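A.B. asks: Curious how this folds, go ahead:
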Amino acid sequence: ESETSNTNLLQTFKGELENAPRNSTLLFTGDNISNIETSWEVDSLLIEDQLQLSINFKGRTVFLPGNNEWKSYELDKMERVEDYLKKLNRENTEVLPNNGCPIEHIVINEDLDLILVDSKWFVSNWSRLEDINRKCSDINTRRRFMEELEGYINDGQGKNIVIAMHHPIFSNGVHTGTDTFRGHMTPLPIFGTLRNSVMDLAGFDPEHLNSRRYRYLRIAVSALAQANDRITVVSGHEESLQLLSGGGIHQIISGSLGSKDATKLGKNIISAIGGTMEYEGEYAYGERGFARLDYFKDGSSKVTFFTEDDVAKEKSFEVLEPMRSERISSDFSDTNAASKTTEILEDPNDYDKTGFYKFLWGERYRSYYGLPVDAPIVKLDTLYGGLKVTKEGGGHQSFSLRLEDGNGREYAMRSLRKSALKFLKFKLP
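C.D. replies: Model prediction:
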């Protein structure tokens, strides 16, 4: 029965590709080969099987690097899949990013950008990787990677952006400690659960979401993504199907076409000194399947999951709402008052802390946070002869607007409230 259901699933996958329009992109989300180091014969057959599934696909096929592609810890061997695809010379089929480099940017159309990331490059221990960055002289540090990713996200303002990378930033799968009943009982009851809890809290496994370098990656991507509220991250790593969202970011996990593992619905967080981001699962399926992400002319998008237990019954979820057309708002209240009195922090929970909290972190002028502030009111159409907004910006923690008057002189308007999450990306090594 299992073989039959998986055969039906692969036929459905093949049929979806055959019917997909030419402007589609097929993403194999990493771990496209085995995890056995000396098994190129098996690996090449696995690649051929995947190519056979997409033989009638008219769009672009991209193989993302994952953990297994880096299994040899040598750059030249890591490029075997890349070299093999070049040898086959199949049109519109390639490994991206290539040459062991971390990032690639593709403009799909005027409303959609695709950013491809080799996340294993980021989370690896570079001292173990032979010839790491030998072919990537321009982006050879994690900070340079973050600068490049930030640039691509900023270039995509007003557009939809897909960030495709093997390692997800959100998950409720086995790499966050979720396991099956059998996993909790292995090798012994209680010990199996204790082992999973220790791995979850301490992050000893480098592929665990709480491991040090992996957590850096999650913080960096989620912090940078705050500059655009239309970002969807597409990943593998977990052998399950998931849809999660948090902080304005949407995460799709589709890593279970050939194998399966446990997952669950639930809430979780990305945490670091200075801030946290909550996220929540909207869909979770711990069996084999795949996902299709569709974008529409109005800018909206939806994800459809196909599962082996019922390939005929699709499960679709809205991801992004339609883009709002640019318009001049007329909803602003008009006032002749010269000033306004308001609190910067209106919720007392933001500054009323326990004695133990203050013992750890100090008073930090917290008694002033909720006090009313009297601020002057200005109108942009009359201030300095009239100002117009030319650019949205911000520093390491603030949000700002660039303004310009009729003579071309520039001004900056900055928010008083800071975002700790924006600052996190500059605190990473």
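A.B. asks: all helices for the stretch 251-400 of the chain, in order.
C.D. replies: Counting by DSSP state H, counting those that start in this stretch, the stretch 251-400 of the chain has helices at residues 355-361.
A.B. asks: Grab the most central residue of this protein for me.
C.D. replies: Val233 (3.6 Å; CA atoms, centre = their mean).
A.B. asks: which helices and strands sit right next to the strand or helix carrying that residue?
C.D. replies: Per DSSP states H and E, Val233 falls inside strand 231-235. Counting contacts by 3 or more CB pairs under 8 Å, 6 or more residues apart in numbering; DSSP states H and E, strand 231-235 packs against strand 160-165, strand 249-254. C-betas here are computed from N, CA, C, even on glycine.
A.B. asks: neighbouring contacts of that strand?
C.D. replies: Contact with strand 231-235 is made by 27, 29, 119, 153, 160-170, 221, 225, 248-255, 293, 301, 319-320, as judged by CB atoms under 8 Å, 6 or more residues apart in numbering.
A.B. asks: Given the following helix or strand past that strand, what are its sheet partners and their directions?
C.D. replies: As assigned by DSSP H and E, the chain's next helix or strand after strand 231-235 is strand 241-246. Note on strand 241-246: by DSSP bridges, its sheet partners are strand 249-254 (antiparallel), strand 275-285 (antiparallel).
A.B. asks: Out of the ones you listed, indicate the one that is most buried.
C.D. replies: When the strands paired with strand 241-246 are scored by mean count of other CB atoms under 10 Å, the highest mean neighbour count falls to strand 249-254 (a mean of 25).
A.B. asks: of all the helices and strands packed on strand 231-235, which lies closest to Arg60?
C.D. replies: With distances scored as CB to CB, the stretch of these nearest to Arg60 is strand 160-165 (12.1 Å).
A.B. asks: got a list of contacts for the closest one?
C.D. replies: Residues outside strand 160-165 that contact it (CB under 8 Å, 6+ apart) are 27, 29-30, 62, 64, 111-119, 152-153, 221, 225, 228, 230-235, 293, 295, 299, 301, 320, 323.
A.B. asks: Drop anything exposed from the residues you listed.
C.D. replies: Taking 16 or more other CB atoms under 10 Å as the criterion, what is buried in these is 27, 29-30, 62, 64, 111-119, 152-153, 221, 225, 228, 230-235, 293, 295, 299, 301, 320.
A.B. asks: what about the stretch 301-429 of the chain, any weak spots by pLDDT?
C.D. replies: In the predicted model of the stretch 301-429 of the chain, residues 311-312, 325-332, 393-398, 417-429 satisfy pLDDT under 70.
A.B. asks: ok, how many other residues are close to Ser339?
C.D. replies: Neighbour count of Ser339, defined by other CB atoms under 10 Å: 10.
A.B. asks: if I pick it, what's in contact with it?
C.D. replies: Asp374, Ala375, Pro376, Ile377.
A.B. asks: Return the set of residues that bridge with it.
C.D. replies: Residues in a beta bridge with Ser339, per DSSP bridges, are Pro376.
A.B. asks: a helix runs through Glu41, doesn't it?
C.D. replies: Yes. Counting by DSSP: H, G, I helix; E, B strand; the rest coil, Glu41 falls inside a helix.
A.B. asks: Hmm, Lys388 is touching Glu404, no?
C.D. replies: Yes. Lys388 is within contact range of Glu404, at 5.9 Å (criterion: CB atoms under 8 Å).
A.B. asks: Neighbour count for those two, which is higher?
C.D. replies: Using other CB under 10 Å, the more surrounded residue of Lys388 and Glu404 is Glu404, with 16 against 11.
A.B. asks: What's opposite the more buried one in the beta bridge?
C.D. replies: In beta-bridge terms (that is, DSSP bridges), Glu404 pairs with Lys388, Glu410.
A.B. asks: Please give me every residue in contact with it.
C.D. replies: Residues in contact with Glu404 (CB under 8 Å, 6+ apart) are Leu387, Lys388, Thr390, Glu410, Tyr411.
A.B. asks: if you set the cut-off to 6 Å instead, what comes out?
C.D. replies: Contact partners of Glu404, counting by CB atoms under 6 Å, 6 or more residues apart in numbering, are Lys388, Thr390, Glu410.
A.B. asks: do Thr354 as well
C.D. replies: By CB under 6 Å, 6+ apart, no residues touch Thr354.
A.B. asks: What residues sit buried inside stretch 136-148?
C.D. replies: In terms of neighbour count (16+ other CB under 10 Å), stretch 136-148 has its buried residues at Cys136, Ile139, Asn140, Arg142, Phe145, Met146, Glu148.
A.B. asks: Show me the contact partners of it.
C.D. replies: Stretch 136-148 has contacts (CB under 6 Å, 6+ apart) with Cys101, Pro102, Ile103, Asn133, Ala220, Lys425.
A.B. asks: For Asp350, see how far away Thr342 is.
C.D. replies: Going from Thr342 to Asp350 by CB to CB, to the nearest Å gives 14 Å.
A.B. asks: ok, back up a step: among the buried ones among the contacts of strand 160-165, which ones are in strands?
C.D. replies: Secondary structure from DSSP state E places 27, 62, 112-117, 231-235, 293, 295, 301, 320 of the buried ones among the contacts of strand 160-165 in strands.
A.B. asks: those strands in the stretch 301-429 of the chain, which residues are they?
C.D. replies: 301-307, 315-320, 339-343, 372-376, 388-393, 400-404, 410-414 (DSSP state E, counting those that start in this stretch).
A.B. asks: just those: most buried one?
C.D. replies: Stretch with highest mean neighbour count among the strands of the stretch 301-429 of the chain: strand 301-307 (a mean of 19; mean count of other CB under 10 Å).
A.B. asks: Give the other helices and strands that it contacts.
C.D. replies: If contacts are counted by 3 or more CB pairs under 6 Å, 6 or more residues apart in numbering; DSSP states H and E, strand 301-307 sits against strand 289-295, strand 315-320.
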